[in-house]
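Participant: Would you be able to build a 3D model of this:
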Amino acid sequence: MAKQGTKYEEFCTEVVKRLKAQGDDFLNVKVEDVSHDDHIIGKTGVKHQIDIHADYKDKDGKVTPIDIECKDYASNVPMERIATLDSVARDIGAMPVFMARVGYQSGAQIYAKNLDTPIRTFKVNDPEHASWAKSHRLRTVHAHMNLVIYALKSFTICVKNKKDDGFLKKVEPNDLFIVDTASNKKTSLKKWISKSYSNACDSKEALYSESLSAEPNQVLLVNNQSVPFIKVEITWQNNSSESNMDISADDLIYGIVEDIESGAWHIAYKKENQ
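Facilitator: Have a look, this model is predicted:
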């Protein structure tokens, strides 16, 4: 079984890999070849263990190693640990990076920032242990949804002549037109139906009804047949519903990298959300 410190190193390694896959250059360089628990021999001939080893290429194509130190301390990282990483990074010619679960002593942070080659310092945690309140971020969003839906309950056309009922049996309401026989102006009934639906939603009534009375010279056009009518009636039934939903970061996020200096967050998502 892996030790707690090793488990944290493995977690941070996976976070770095996911950020790389997402295209998040959180170190301001394009990270390549991320590996856990590597060893590099320095200029002094000493072999150094590296928690997370990665590389990057500068604009001239020169490959530089990245030495990421991971500490799963229950308290803030002391300056001595920063100094040790600085010494190792100098020996192997690496970009130094520190990742910690809790944070850094004030002296350690100042020391890391003012070195000839500053050490980038981060807090790395899963969503449960990230600094949500301190960073004024929401871990869970509580959403109340009101879904307004009205269903067509009835659609009735009152025709002047009973014999014309047969024209209407197999006709969809949206396929009907109103024609003014004096001007030959043709208007689709679909527009009125759509407006009626909008009025029903605004009304919030359990049942909402509207009617459209025929004006002089107006007839319905049904399959190219003119049908004199008295009015069209439509009734909508309220099938709306309400629900509550909690959207939690825990369901979406694998790990969070907090930049100590800038306060920026770099989020590694769970694979199914990439």
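
Participant: Quick one: the strands in the stretch 151-274 of the chain, in order.
Facilitator: Remark: strands assigned in the stretch 151-274 of the chain by DSSP state E, counting those that start in this stretch are 177-180, 185-188, 207-213, 218-222, 225-238, 241-248, 253-259, 265-269.

Participant: where does the stretch 51-200 of the chain have low pLDDT?
Facilitator: Applying pLDDT under 70 to the stretch 51-200 of the chain flags residues 167.

Participant: thinking again about what came up before, mean neighbour count added to the strands of the stretch 151-274 of the chain, as a markdown table?
Facilitator: C-betas here are computed from N, CA, C, even on glycine. Formatted as a markdown table, the entries for those read as follows, by neighbours: other CB atoms under 10 Å:
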| stretch | mean neighbour count |
| --- | --- |
| strand 177-180 | 16 |
| strand 185-188 | 12 |
| strand 207-213 | 15 |
| strand 218-222 | 19 |
| strand 225-238 | 17 |
| strand 241-248 | 10 |
| strand 253-259 | 20 |
| strand 265-269 | 19 |
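
Participant: so where do the strands sit in the stretch 1-150 of the chain?
Facilitator: With DSSP E, counting those that start in this stretch as the criterion, the stretch 1-150 of the chain has strands spanning 32-41, 47-57, 63-71, 95-100, 120-125, 140-147, 150-159.

Participant: need the strands of the stretch 151-274 of the chain in a markdown table with distance to N76, can you?
Facilitator: As requested, the strands of the stretch 151-274 of the chain are exported to a markdown table (distance: least, CB to CB, whole Å):
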| stretch | distance to N76 |
| --- | --- |
| strand 177-180 | 76 |
| strand 185-188 | 71 |
| strand 207-213 | 64 |
| strand 218-222 | 80 |
| strand 225-238 | 58 |
| strand 241-248 | 28 |
| strand 253-259 | 14 |
| strand 265-269 | 19 |
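
Participant: Can you tell me which of these is nearest to L85?
Facilitator: Go through the strands of the stretch 151-274 of the chain one by one with CB to CB and the one that ends up closest to L85 is strand 253-259, at 16.9 Å.

Participant: ok, back up a step: if we compare the strands of the stretch 151-274 of the chain, which one ends up closest to K170?
Facilitator: strand 218-222 (9.9 Å).

Participant: The closest one pairs with which strands, and in what direction?
Facilitator: Each strand pairing with strand 218-222, determined using DSSP bridges, is listed with its direction: strand 177-180 (antiparallel), strand 225-238 (antiparallel).

Participant: And the contacts of it?
Facilitator: Defining contact as CB atoms under 8 Å, 6 or more residues apart in numbering, one finds that strand 218-222 is touched by 157, 159, 167-168, 171, 176-181, 186, 189, 226-229.

Participant: and of the strands of the stretch 151-274 of the chain, who's closest to A21?
Facilitator: Taking CB to CB, strand 265-269 is the member of the strands of the stretch 151-274 of the chain nearest to A21, at 8.7 Å.

Participant: one step back: so which of the strands of the stretch 151-274 of the chain comes closest to I41?
Facilitator: strand 253-259 (28.8 Å).

Participant: Report the angle between the closest one and strand 120-125.
Facilitator: Per axes from the mean of the first three to the mean of the last three CA atoms, to 10 degrees, the angle that strand 253-259 makes with strand 120-125 is 150 degrees.
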